[in-house]
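> Got a sequence here, can you model it:
(one chain, ligands or ions: 1)
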Amino acid sequence: MCGIIGYCGPRPAAEILVEGLKRLEYRGYDSAGICVRSGGALRVHKRKGKIKDLRAALPDRVDGELGIGHTRWATHGEVNDVNAHPHTDATGRIAIVHNGIIENYAALREKLAEEGYRFVSETDSEVIAHLLASLYDGDLERAVKQAVSLLKGTYGIVAMHADEPDRLVGARNGSPLVLGIGDEEMFLASDVTAIVAHTKQVVYLEDGEVVSITSADYHTTDLRDRPVDKKIEFISWELEEIEKEGYAHFMEKEILEQPESIRRAIQGRLDMEYATGHLGGLNMSRQELLNVERVKIIAAGTSFYAGLVGAYLLESVARIPATAELASELRYRNPVVERNTVYFAVSQSGETADTLYAMRELQRKGARVLGICNVVGSTIPRESDGGVYIHSGPEIAVASTKAFTSQLTAFYLFALMMARMRHMGIESGLSFIHDLEGVPALVSEVLSRRDALVPLARTYAGAGNFLFLGRGINYPVALEGALKLKEISYIHAEGYSAAEIKHGPIALINETTPSLFLVTDDGLRDKVISNMKEVKARAGKVIAIAVDGDDEVDRIADDTFFIPKTHELMYPFLMVVPLQLFAYYSAIELGRNVDQPRNLAKSVTVE
Ligand code: F6R
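The predicted structure is shown next:
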């Protein structure tokens, strides 16, 4: 989704802005632009398309040490040069970049137009530039505070004025903004990846806060001009982590990183003496944990599917009733918050608007909401009542992979902990730990077999539709496999419980609609095999992901990919990896943009 960068310092701003925008590319965007103050005037360069198009359109030399930049993911108005940010007022003395959606822009636009302000774009954002022009009296910071007080909706904004050569002003409501503190230079960004190459000292803005920066200094206030004391935090990510390091795509790199990322999510969180999990950030006393009678999980997309696995696990291992629900749905159905219920908000980015607003709705009703997030310092972990960081490292590819397996890890640790506080004995606890600790090596083993998926992807890349079918704890994995395939290859794919196909989807089966079955060696295996036969009987092609040695499945399926044997509860980790790779190789076969699939954004900060 849209990205922001701002620079104030002694260095040429344009290169820093463009390089920062390049690092924000992963969020998904359709146009990009920068504005640099040069020779006392503001110079805007913006383009529909990729950063390389913007770069190509820039003059050989762009002077100026103050500037703002933006990658736009269109919401209001088509994708074209005019609608790209930065937007200026009619005099060209004020420029702004904006993430989010201004809900009352139509009314503001009408009023400003009546006052003579001339609009050139179709965006909601442009209204902010004209509003600032109407309020500016020589003090940009004051004008920003007055302007944002009139806005309804969500925003992360950075503004600059040609008359203020060493100042940028940022404001936040519902769309992230972070200040980077450098050596005699300051940065503003929507996401730390844009500035991590320059500084690791950051200050995260909260909703309702405004930051004013010069190259040497900054101060933060609320909208009523009261100073707000902010903590300086340190980014632990290294620059290399957000670079491809020789891999063809970030997605490939991130899939291959999973043995390590799962290990990191487990690290320091097992208590071998008591054979239990240890999650320090939950902020819950032993008694509060013992009192938990129900767990509810909210999330979106891939994180929701991780939540479905988590709910299954909590019921089967910890015997705690647990459900997962789409955050976007929960928010608007006036949920009942029950006593002794713990909620989890699961989000890789920690910024997903649907999940964030659902969390706030629950908290408003008195719920305790814990976060399971990857991005340290993002909004959901900051606003949650406690939680677990999954420590996957930056996930840059739009399609989520390593975050999914690390989110699962967090649930496995929590389930173990809750089970050990209830009915689970020490021996079973140790055996669960043994199985969980074995997962990274088994994932490595799956990865070592990945070449076998390349011809499979080639064979089926021409399919127009795909079914992904699994059961039990692997049913959500089938949903995730289908999501991965459709996201990056654009092949239409649906995930179902294998049992459900006879209730409808079987009507789709013919020789051109393949079905991919997840078959494990648990109590549901024989039923899944029956479903495979039903598909075969209707001339459907069958691909199976099966456990080593399952010759029967191999005989029925047209193609089989084998994974190593493990405990039945650990299969989601091993099953999802070939599905991620299958989607990846299919997308490559079809020549898709793997890391930045069309229309998608990494961090979905609008509803
Ligand atoms: C799928 C994908 C999305 C996200 C969803 C939630 O590959 O990336 O479905 O999982 O937008 O995002 P987070 O986890 O950041 O809340």
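
> okay, CA-based contacts and neighbour counts for the rest of this
OK.

> For stretch 543-562, could you pull out the residues that count as buried?
543-547, 553-554, 556-557, 559-562 (16 or more other Cα atoms under 10 Å).

> nearest to the ligand, of these?
The shortest approach to the ligand among those belongs to I545, at 20.4 Å (Cα to the nearest ligand atom).

> correct me, but that closest one touches S515?
No - using Cα atoms under 8 Å, I545 is not in contact with S515, being 11.0 Å away.

> what number of residues lie near G393?
By the criterion of other Cα atoms under 10 Å, G393 has 20 neighbours.

> From the ligand, how far out is it?
Distance of G393 to the ligand, computed by Cα to the nearest ligand atom, to the nearest Å: 13 Å.

> Endpoint to endpoint, stretch 597-605 covers what distance?
17 Å (Cα to Cα, to the nearest Å).

> Could you list everything L370 pairs with in the sheet?
Note on L370: beta-bridge partners by DSSP bridges are F344.

> Equivalent analysis for H87, please.
I96.

> ok, how many other residues are close to it?
H87 has 29 neighbours, counted by other Cα under 10 Å.

> what's near enough to touch the residue nearest to A358 when sequence neighbours are not counted?
Among residues not flanking A358 along the chain, R331 sits closest, at 4.5 Å (Cα to Cα, 6 or more residues apart in numbering). Counting by Cα atoms under 8 Å, 6 or more residues apart in numbering, R331 touches 354, 357-358, 361.

> Need the pLDDT of R331.
The score at R331 is 91. That number is its pLDDT.

> Distance of it relative to A299?
Distance, R331 to A299, using Cα to Cα: 11 Å.

> so what sits against both of those two?
With Cα under 8 Å, 6+ apart as the test, R331 and A299 both reach D354.

> Parallel or antiparallel, which strands does the worst-scoring helix or strand of the chain on mean pLDDT pair with?
Taking mean pLDDT, DSSP states H and E as the measure, strand 233-234 is the helix or strand of the chain with the lowest mean score, a mean of 92. Paired strands of strand 233-234, with direction, are strand 201-204 (antiparallel) (DSSP bridges).

> Can I get the strand it pairs with in PDB? Just the C-alpha atoms.
Presented in PDB, the C-alpha positions along strand 201-204 are these (Å, rounded to 0.1, in the frame of the first residue of the first chain):
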ATOM      1  CA  GLN A 201      17.100   5.200  15.800                       C
ATOM      2  CA  VAL A 202      13.400   5.800  15.300                       C
ATOM      3  CA  VAL A 203      10.300   7.300  17.000                       C
ATOM      4  CA  TYR A 204       6.900   5.800  16.200                       C
END
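
> what mean pLDDT does whichever helix or strand comes after that strand have?
Reading on from strand 201-204 to the C-terminus, the next helix or strand found by DSSP states H and E is strand 209-213. For strand 209-213, the mean per-residue pLDDT is 98.

> which non-adjacent residue is nearest the residue of the stretch 151-300 of the chain found nearest the ligand?
Nearest residue of the stretch 151-300 of the chain to the ligand: A300, at 4.5 Å (Cα to the nearest ligand atom). With sequence-adjacent residues excluded and distances taken as Cα to Cα, 6+ apart, A300 is closest to L326, at 5.7 Å.
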